[in-house]
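A.B. asks: What shape does this take:
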Amino acid sequence: HVANGDPAQAFGKSGSLAQYVIGERAYRFAGIAEAFAVQLPERYGVELLDVVERDEDFWNLEHAFEQSLLWRRQDVFTERTLKLLERWAETTGRDAVIDTLLSVATEPDNRFNADYLDGRLRPMPMPERDQRWSIRVTSSVEGDGEAVNTLIEWVLVNGLDQIEENRARLAAVTLAWLTSLSHRWVRDMATKALACLFVNRRKLAASLIEQFSGVDDAYVLDRVLAAAYGAATRSWRNEGLAELARAAFAAVFGQDPMPTHVLVRDHARGIIELAANRSVLPSELPIHVARPPYPGGIPLETISEETLDAYVQDNAGGRFRDEICASAVSDGDFARYEIDSRAGRFLLLPLDAHGQSMREIYESWYAQAVAPHPER
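C.D. replies: Residues are numbered from 1 along each chain as shown. A predicted model of the protein is given here:
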């Protein structure tokens, strides 16, 4: 039915194959339409949606097109494929782009795999990345979440087994970016899946630490290091541990200024201490640098009352303090329910009592308050 390698005529309005994809009774051949959506890109390098003539036919074939993305040969997922996917997503309001990119992320032959995803996300400033990635993936998870759940569950089940090296790397990159979400379950499960991948792949763990050491999101480096540390402790093998320690040291203690995120420091130090304990720490790494006390961070900025008073808003002809300032500074709701409750939990102990045991604190109190007054 396809003449001269051009399927357009066969699938046109009066073409011999049109009845299977367009028209009132085409629904009877939904499975055949899905097969066409796979075969046309693979055999002729065109999308089924590009050979139908009317827009209404385009949307009638959306399900067949979506299904083909997971079943077609990965090397025929093209720039045009992605453009059609984006067009469909904009019209339907469903974020099929994110779901599809996550579904193909671990496919080495797909040009839109995790390397493509990494190339899109890495240059973005964190606020833009949160908007265009983290929030959208969270929405997907709170929907059916199939793509994210499938990836995490697959790695948790198969991560300790032999997996194609490049596929394991792509899975690790995808999981690392999933830790940027504020969705606690996704962050935790993605971290556990990463740790599972790293147990027998310390070289991969070291390369991922290097890859994400410069990312402008402490959430990600925190969890990549946590996964690497957790995985390192699950194996008695020392193979690759020295390189892992070298990567952790460079990512954290070799930076100027040193990252201030306390868990980032702690996970990196754990990897280095483990290597030292097993006598495989590279001699050029000064372990004392990885141990506290660490250099002081940037001091907190002091905001004057004059500066705060400058934040005002017009309301019904009057000028009042800005709502955010009023809520956080002038004992508003945020100050009362969030700031005060947390600030009030600090122990009322002098600074020199920090780090003392309960016995030492008791003896100090007894010597000052009780011993000088035996009559009490």
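A.B. asks: use CA for all of it now, contacts and neighbours both
C.D. replies: Will do.
A.B. asks: Give me the packing partners of the one helix or strand residue 366 maps to, helices and strands only.
C.D. replies: Element membership for residue 366, per DSSP states H and E: helix 358-369. Other elements packing on helix 358-369 under the criterion 3 or more Cα pairs under 8 Å, 6 or more residues apart in numbering; DSSP states H and E are absent; no helix or strand qualifies.
A.B. asks: starting at the chain centroid, how far to it?
C.D. replies: Helix 358-369 sits 48 Å away from the centroid of its parent chain (Cα atoms, centre = their mean, to the nearest Å).
A.B. asks: Output it as CSV, nothing but the C-alphas.
C.D. replies: Extracted C-alpha coordinates of helix 358-369, given in CSV (Å, rounded to 0.1, in the frame of the first residue of the first chain):
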residue,chain,number,x,y,z
MET,A,358,24.6,15.1,81.8
ARG,A,359,26.8,14.0,84.6
GLU,A,360,29.2,16.9,84.0
ILE,A,361,26.4,19.4,83.8
TYR,A,362,24.9,18.0,87.1
GLU,A,363,28.3,18.2,88.9
SER,A,364,28.8,21.7,87.7
TRP,A,365,25.4,22.7,88.9
TYR,A,366,25.9,20.9,92.3
ALA,A,367,29.2,22.6,92.9
GLN,A,368,27.7,26.1,92.2
ALA,A,369,24.3,25.8,93.8
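A.B. asks: contacts for stretch 273-290?
C.D. replies: Residues from elsewhere that reach stretch 273-290, judged by Cα atoms under 8 Å, 6 or more residues apart in numbering: 233, 238, 241, 242, 245, 246, 249, 253, 265, 269, 272.
A.B. asks: To clarify, my last question referred to stretch 8-17.
C.D. replies: Residues outside stretch 8-17 that contact it (Cα under 8 Å, 6+ apart): 1, 2, 3, 18, 21, 22, 51, 52, 53.
A.B. asks: try 6 Å this time
C.D. replies: 2, 18, 51, 52 (Cα atoms under 6 Å, 6 or more residues apart in numbering).
A.B. asks: what about it, how long is it end to end?
C.D. replies: End-to-end distance of stretch 8-17 (Cα to Cα, to the nearest Å): 10 Å.
A.B. asks: Please point out which parts of it sit buried.
C.D. replies: Using 16 or more other Cα atoms under 10 Å as the burial criterion, the residues of stretch 8-17 that qualify are 8, 9, 10, 11, 12, 13, 17.
A.B. asks: right, and out of these, which lies closest to residue 128?
C.D. replies: residue 8 (40.6 Å; Cα to Cα).
A.B. asks: same question for stretch 192-203, mean pLDDT?
C.D. replies: Mean pLDDT, computed over stretch 192-203, is 97.
A.B. asks: got it, and stretch 28-35?
C.D. replies: Averaging pLDDT along stretch 28-35 gives 86.
A.B. asks: Tell me the buried residues in that stretch?
C.D. replies: Applying a neighbour-count criterion of 16+ other Cα under 10 Å, one finds 30, 33, 34, 35 buried in stretch 28-35.
A.B. asks: Poorly predicted segments of the stretch 51-200 of the chain, please.
C.D. replies: 53-59, 91-95, 145 (pLDDT under 70).
A.B. asks: can you pull out the strands in it?
C.D. replies: Read by DSSP state E, counting those that start in this stretch, the stretch 51-200 of the chain holds no strands at all.
A.B. asks: wait, which of the buried residues of stretch 28-35 is closest to residue 220?
C.D. replies: Minimum distance to residue 220 across the buried residues of stretch 28-35 is 38.3 Å, recorded for residue 34 (Cα to Cα).
A.B. asks: Understood, closing this out.
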